[in-house]
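Chemist: got a predicted structure here, sequence first:
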Amino acid sequence: MADWVVEARDLQKVYGGVEPLEVLHDVNLQVAPGEFTAVVGQSGSGKSTLLNLIGALDRPTAGTIAVDGARLDQLTDDELAALRNTRIGFIFQYHHLLDDFTCLENALMPLYIRGTPTPADEARVRGLLARVGLGGRLDHRPNALSGGEQQRTAVVRALAVQPKLVLADEPTGNLDTHSGNDVFALMREMNRASGVAFILVTHDERLAAAAERELRIEDGHLVEVRRAG
Ligand SMILES: Nc1ncnc2c1ncn2[C@@H]1O[C@H](COP(=O)(O)OP(=O)(O)OP(=O)(O)O)[C@@H](O)[C@H]1O
Ligand SMILES: [Mg+2]
């Protein structure tokens, strides 16, 4: 087993263009299995950029990233796709649920993408949906769910494949305070129960303060604000 779920070394990200923009500079990060980390920073500071690099949705200009022991720069495109589908769960500000599928089908989607879910997989996902209060909503389409219910479905979907790491980019940014608190509490509970590591990007200082560990991006640098234990 890998010692770190995420190990990033000397990361640099420069966006090209007429005036190249260096968004991340000499970023080093190690995330332990099961750790719950919040990342804060001003708008435009590079939070989404960092998550996209860790999630292999984009490549760094320099430096290396390993996820669950696998160096991203050494994987083929097929291997990267497999890593994204099996070891990483993603939650975004907008849930990206598919309109034509039910709550249960949406939560199972990463398993369908991988093949056919086993009865055990389906039972596990149904159990997670019940735990997040959606047991009575399994056959509802997203447009018949509240914003908070949609986002809770997205949290379960991120956990469907039993990943090592969940990357969440402003998952509560689109919700009112009450629903946002619910979704956050749910992520914390899932983190404690399953041992899946979370990296949560948030503008909400209260939520960041309730994470185990807090990082801030400032002038392209990643600063450790607080780490429990
Ligand atoms: N594909 C791109 N090409 C060029 N510049 C980009 C690209 N993506 C992001 N940027 C720039 O990089 C900087 C960091 O963007 P990023 O999306 O990571 O910020 P953020 O911290 O997530 O902000 P927010 O809190 O508003 O979501 C911004 O100045 C943005 O304009
Ligand atoms: Mg962002």
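Modeler: Ah, there it is. Ligands and ions are numbered 1, 2, ... in the order given.
Chemist: what sits up against the helix or strand bottoming out on mean pLDDT in the chain?
Modeler: None of the helices or strands of the chain scores lower by mean pLDDT, DSSP states H and E than helix 177-194, at a mean of 90. Here helix 177-194 makes contact (Cβ atoms under 8 Å, 6 or more residues apart in numbering) with 34, 36, 91, 128, 131-132, 146-148, 151-152, 155, 159, 162, 166, 168, 171-173, 175, 196-198, 200, 204, 207, 210. Every residue, glycine included, has its C-beta placed from N, CA and C.
Chemist: try stretch 124-131
Modeler: Stretch 124-131 is contacted from outside by 103-104, 107-108, 111, 117, 135, 137-138, 153, 156, 159-160, 189-190, using Cβ under 8 Å, 6+ apart.
Chemist: and the residues you listed, which two are furthest apart?
Modeler: Pro117 and Glu189 (23.0 Å; Cβ to Cβ).
Chemist: what is the burial count for Val27?
Modeler: 24 (other Cβ atoms under 10 Å).
Chemist: so it makes contact with Ala62?
Modeler: No - counting by Cβ atoms under 8 Å, Val27 stays clear of Ala62, with 10.3 Å between them.
Chemist: ligand 1 contacts on the chain?
Modeler: When proximity is defined as Cβ under 6 Å from any ligand atom, the chain approaches ligand 1 at 15, 21, 23, 41, 43-49.
Chemist: so which of these wins on neighbours?
Modeler: Gly46 leads the residues of the chain next to ligand 1 on contacts (other Cβ under 10 Å) with 26 neighbours.
Chemist: contacting residues for the spatially closest residue to it that is not a sequence neighbour?
Modeler: In space, and not counting its chain neighbours, Gly46 is closest to Val23: 4.2 Å by Cβ to Cβ, 6 or more residues apart in numbering. Residues in contact with Val23 (Cβ under 8 Å, 6+ apart) are 13-15, 45-46, 49, 220.
Chemist: doesn't Val23 fall inside a helix?
Modeler: No - using DSSP: H, G, I helix; E, B strand; the rest coil, the assignment for Val23 is strand, not a helix.
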